[in-house]
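Student: sequence below, structure please.
(chains A and B)
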There are 2 protein chains.
Amino acid sequence: MKGNVFQRGKASIGFEEGPLIIGCASVAGKKEGEGPLGELFDVIEPDPMVGRETWEQAESALQKEAADLAIERAGLVRSEVRYLFAGDLLSQLIATSFGTVDLEVPVFGLYGACSTIGEALCLGAMTVEAGYADYVMAMSSSHFASAEKQFRFPLEYGNQRPFSATWTVTGCGSFILGKKGGHVRISGITPGKIVDMGLKDSMNMGACMAPAACDTICRNLKDFGREPGDYDRIITGDLGQVGRRILLDFMRNNGYSIRERHTDCGIEVFDSEAQDTHAGGSGCGCSAIVLAAYILPKLASGEWRRVLFVPTGALLSSVSFNEGQSVPGIAHGVVLEHA
Amino acid sequence: MKGNVFQRGKASIGFEEGPLIIGCASVAGKKEGEGPLGELFDVIEPDPMVGRETWEQAESALQKEAADLAIERAGLVRSEVRYLFAGDLLSQLIATSFGTVDLEVPVFGLYGACSTIGEALCLGAMTVEAGYADYVMAMSSSHFASAEKQFRFPLEYGNQRPFSATWTVTGCGSFILGKKGGHVRISGITPGKIVDMGLKDSMNMGACMAPAACDTICRNLKDFGREPGDYDRIITGDLGQVGRRILLDFMRNNGYSIRERHTDCGIEVFDSEAQDTHAGGSGCGCSAIVLAAYILPKLASGEWRRVLFVPTGALLSSVSFNEGQSVPGIAHGVVLEHA
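Tutor: Okay, the predicted model is just below:
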């Protein structure tokens, strides 16, 4: 069968050529701009409303801005992008629907909670590698205020947050994939399974997602016949400090030590003490802006040669939580290499 | 560039081989079982709770049942399904997350409102055709009560519904795609753009979605160089009676007459007068169960040779609606042929 060469193990795909990331953009909020990566973001929006009337419209505005900037960086115009793979955290993906309608690009709406940029990069890479499109876009966003409104409490209520809670990143990362140009290649993917360990604490999503991250990283290593040392970094999405500790324990139980080369976008994006963000950043935008602003430049320069990027998602809604359901996790693995 | 042969026009893909639908299943609710297609469904669930404690868990149960039945029909076991493309109408796709966790299959969570089964079949077909997987599953579900709770009013409130309103179908359709076996082939796809005409009436979603359906059908005809007569049927998802009239008008304005060969899953699934369902059925499950129970058998038998299947979606949430936003539409086109 044609293409069987791509299939690795039970779920991974190793690309023969591997699409290149030929343009990207990061648009971040004010708090993110004040964090350790502040100087690396392409745009910092000082106004949390981005000049709009609602938080949701503000998040859509972040998408518009990131999409157009990534297209410009790739040296393209909107009509050259054949498909868009995009999503956000909001119910029925309204940030994406209203944020991307003006692009007039056929769109595949995705939901993988905070792992969405991983899902988008997987499907986008599969599409370009197979020759279905010359250029596609992968994008995801989140907004602190639209997420708090949806999943937690009204901001005006001023509720207290446990130290295991994360802080939803305001930001959007957008990526153009193509066959030529750029210095970072997607050489393989390990799509994620839903893993449900029965945990129910929505204020400790790092713990809920760590088992899924462990599952995806272990499958990636087995499917590609690699050891952790074959990656310069293994970078999860938004496990935060609590989830990181659990992941390292779980990996050790599986026979892998990744402490030295693991980091987490949620840990990198904020100075948790100075910025009072507790366990770290989270949200669909967290791993997306950290990838665009921090990870890709290090791969492009050759400082890192190969990175396993593993955005993580907690698959809850306020309805499932209030009905006493658990919080399953998912994590999509994307292998990024210097090209 | 490899694979350019696939690309048709601005967005369509014509497959060289074309994956086959090698197994499918339809699980429907009691009301759907009492409708004109009642005898065609594989399973009719008499209990709207499906023995569970919440509407959402009931919808997840429909997914479990449909998934396992489709796998059985395809002569496979769960572990042979390499990827799952699935979604539902609920916020954060909780019906899918909790309904599919036991499958232990890597999952791409999709949201395209009621067009989701079209999005799933597009991505599933691309994946199999490219050789990334031998077998994948595409699935979507909806449940009348979980959808009413989320988008409209509590059932106990007994609100009146305008005649333009549709009735969310309780049901789940599941499809296994592979390279060999089965008598219906996916020969091409036309992924949908988001189309926003500024309409704001969530009780008239047919009108909101008709422009998107028209856009996708016209692009499909142009991209493949076809006339409506090249299809035995052009079947939209859930435009209902009101949306159908608008679609026919829009198509005529674009120079195409499709009246004789157009129908709509939402119109087929209920007897609108006898069942008091007003404009017709809707929901992610509507086009999915009608495809499995009604359309595929006619294609498999050769009664129809080629069908353009166009599930339609209205991209609203209760938040976007309450904030006064419009209701954009999307429609994904899937070309199905007798094989």
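Student: domain assignment for chain A?
Tutor: When chain A is parsed with automatic domain parsing, its domains come out as A:4-178, A:184-338.
Student: now these in JSON lines, with distance to chain B and mean neighbour count?
Tutor: The C-beta positions use only the backbone N, C-alpha and C, and glycine is treated the same way. Formatted as JSON lines, the domains of chain A follow (distance: least, C-beta to the nearest C-beta, whole Å; neighbours: other C-beta atoms under 10 Å in any protein chain shown):
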{"stretch": "domain A:4-178", "distance to chain B": "2", "mean neighbour count": "23"}
{"stretch": "domain A:184-338", "distance to chain B": "4", "mean neighbour count": "23"}
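Student: now those domains in CSV, with mean pLDDT?
Tutor: What follows is those, written out as CSV (pLDDT from 0 to 100):
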stretch, mean pLDDT
domain A:4-178, 95
domain A:184-338, 96
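Student: nearest to B:Arg226, of these?
Tutor: Of all those, domain A:4-178 sits nearest to B:Arg226, with 18.5 Å by C-beta to C-beta.
Student: mind listing the strands for the stretch 151-300 of chain A?
Tutor: A:167-168, A:171-178, A:184-190, A:233-236, A:262-264, A:281-282 (DSSP state E, counting those that start in this stretch).
Student: can you tell which of these is closest to B:Asn254?
Tutor: Using C-beta to C-beta, those put strand A:171-178 closest to B:Asn254, at 31.4 Å.
Student: quick one: contacts for A:Leu20?
Tutor: A:Leu20 is in contact with A:Leu177, A:Gly178, A:Lys179, A:Lys180, A:Gly181, A:Gly182, A:His183, A:Val184, A:Arg185, A:Ile186, A:Ala339, counting by C-beta atoms under 8 Å, 6 or more residues apart in numbering or on different chains.
Student: A:Glu32 contacts A:Val290, correct?
Tutor: No - if you go by C-beta atoms under 8 Å, A:Glu32 and A:Val290 don't touch, sitting 9.5 Å apart.
Student: which neighbours do these two share?
Tutor: With contacts taken as C-beta under 8 Å, 6+ apart, the residues that reach both A:Glu32 and A:Val290 are A:Val269.
Student: orientation of whichever strand in chain A runs longest relative to strand A:171-178 in degrees?
Tutor: In chain A, taking DSSP state E as the definition, the longest strand is strand A:20-29. Strand A:20-29 runs at 170 degrees relative to strand A:171-178, counting by axes from the mean of the first three to the mean of the last three C-alpha atoms, to 10 degrees.
Student: so strand A:20-29 versus strand A:184-190, what angle?
Tutor: Using the same axes, to 10 degrees: strand A:20-29 against strand A:184-190 is 90 degrees.
Student: now strand A:20-29, how far from the chain's geometric center?
Tutor: Computed by C-alpha atoms, centre = their mean, to the nearest Å, the chain-centroid distance of strand A:20-29 equals 12 Å.
Student: A:Ala145 - that's part of a helix, no?
Tutor: Yes - counting by DSSP: H, G, I helix; E, B strand; the rest coil, A:Ala145 falls inside a helix.
Student: that one touches A:Thr54, doesn't it?
Tutor: No - counting by C-beta under 8 Å, A:Ala145 sits too far from A:Thr54 to count as a contact (9.4 Å).
Student: list the contacts of A:Ile94.
Tutor: Contacts of A:Ile94 (C-beta under 8 Å, 6+ apart): A:Glu56, A:Ser60, A:Asp88, B:Leu315, B:Leu316, B:Ser317, B:Val319, B:Ser320, B:Gln325.
Student: can you tell me which of these lies nearest to A:Asp264?
Tutor: Nearest to A:Asp264 among those is A:Asp88, at 20.5 Å by C-beta to C-beta.
Student: and the closest one, what are its bridge partners?
Tutor: A:Ser141 (DSSP bridges).
Student: kindly report the same for A:Arg185.
Tutor: Here A:Arg185, judged by DSSP bridges, has bridge partners A:Leu20, A:Glu337.
Student: and it, how far from A:Val136?
Tutor: 15 Å (C-beta to C-beta, to the nearest Å).
Student: same check, this time on A:Pro106
Tutor: 10 Å.
Student: overlap in contacts, these two.
Tutor: With contacts taken as C-beta under 8 Å, 6+ apart, A:Pro106 and A:Val136 have A:Arg82, A:Tyr83, A:Leu84 as neighbours in common.
Student: any chance of those in a markdown table, with secondary structure too?
Tutor: Below are these laid out as a markdown table (three-state DSSP):
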| residue | secondary structure |
| --- | --- |
| A:Arg82 | coil |
| A:Tyr83 | strand |
| A:Leu84 | strand |
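Student: mind exporting the one helix or strand A:Ala120 maps to as PDB, just the C-alpha atoms?
Tutor: Taking DSSP states H and E as the criterion, A:Ala120 maps to helix A:116-129. Output in PDB follows, covering the C-alpha atoms of helix A:116-129 (Å, rounded to 0.1, in the frame of the first residue of the first chain):
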ATOM      1  CA  THR A 116      -5.000  22.400  19.700                       C
ATOM      2  CA  ILE A 117      -1.900  23.800  18.100                       C
ATOM      3  CA  GLY A 118      -0.400  20.300  18.200                       C
ATOM      4  CA  GLU A 119      -3.500  18.900  16.500                       C
ATOM      5  CA  ALA A 120      -3.400  21.700  13.900                       C
ATOM      6  CA  LEU A 121       0.300  21.200  13.200                       C
ATOM      7  CA  CYS A 122      -0.300  17.400  12.800                       C
ATOM      8  CA  LEU A 123      -3.100  17.700  10.300                       C
ATOM      9  CA  GLY A 124      -1.500  20.600   8.500                       C
ATOM     10  CA  ALA A 125       1.800  18.700   8.100                       C
ATOM     11  CA  MET A 126      -0.100  15.600   6.900                       C
ATOM     12  CA  THR A 127      -1.900  17.700   4.300                       C
ATOM     13  CA  VAL A 128       1.200  19.400   2.900                       C
ATOM     14  CA  GLU A 129       3.300  16.300   2.900                       C
END
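Student: orientation of it relative to strand A:184-190 in degrees?
Tutor: Using the same axes, to 10 degrees: helix A:116-129 against strand A:184-190 is 100 degrees.
Student: isn't A:Val195 up against A:Ser326?
Tutor: No - judged on C-beta under 8 Å, A:Val195 makes no contact with A:Ser326 at a distance of 10.6 Å.
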